[in-house]
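Q: Sharing a model prediction with you, sequence too.
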Amino acid sequence: MADFDGMNAVWDDWVPPGDAPPRATVQAKLARPEWKIEIVVTAAI
């Protein structure tokens, strides 16, 4: 949460404009202290 704007900038660069999947941002203790973010993805075919 300390770098929310940075995370959003990386997200915006990663997804094609107008084709971003839904997402939610939450604050939680990460599995490893050296990690900056942890992402969970659900895909449907």
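A: Cool, the structure landed. Numbers count the residues shown, from 1 in each chain.
Q: so which strand or helix has residue 5?
A: helix 4-14 (DSSP states H and E).
Q: residues in contact with that helix?
A: 20, 23, 25, 36, 37 (CB atoms under 8 Å, 6 or more residues apart in numbering). For the C-beta atoms, the positions are set from N, CA and C on the backbone; glycine is no exception.
Q: what's the most distant pair in these?
A: The most widely separated members of the contacts of helix 4-14, counting by CB to CB, are 20 and 36 (19.9 Å).
Q: what's near enough to touch residue 38?
A: 28, 30, 31.
Q: swap the cut-off to 10 Å and go again
A: Applying CB atoms under 10 Å, 6 or more residues apart in numbering to residue 38 gives the contacts 26, 28, 29, 30, 31, 32.
Q: same thing with residue 30?
A: 36, 37, 38.
Q: Just give the number of residues close to the second one.
A: Residue neighbour count, defined by other CB atoms under 10 Å, stands at 12 for residue 37.
Q: Go ahead and confirm it touches residue 31.
A: No - Residue 37 is beyond contact range of residue 31, at 11.2 Å (criterion: CB atoms under 10 Å).
Q: Quick check: the gap between the residue positioned nearest the centre of the chain and residue 45.
A: When CA atoms, centre = their mean is applied to the chain, the residue found nearest the centroid is residue 39 (5.6 Å). In this structure, residue 39 and residue 45 are 19 Å apart, going by CB to CB, to the nearest Å.
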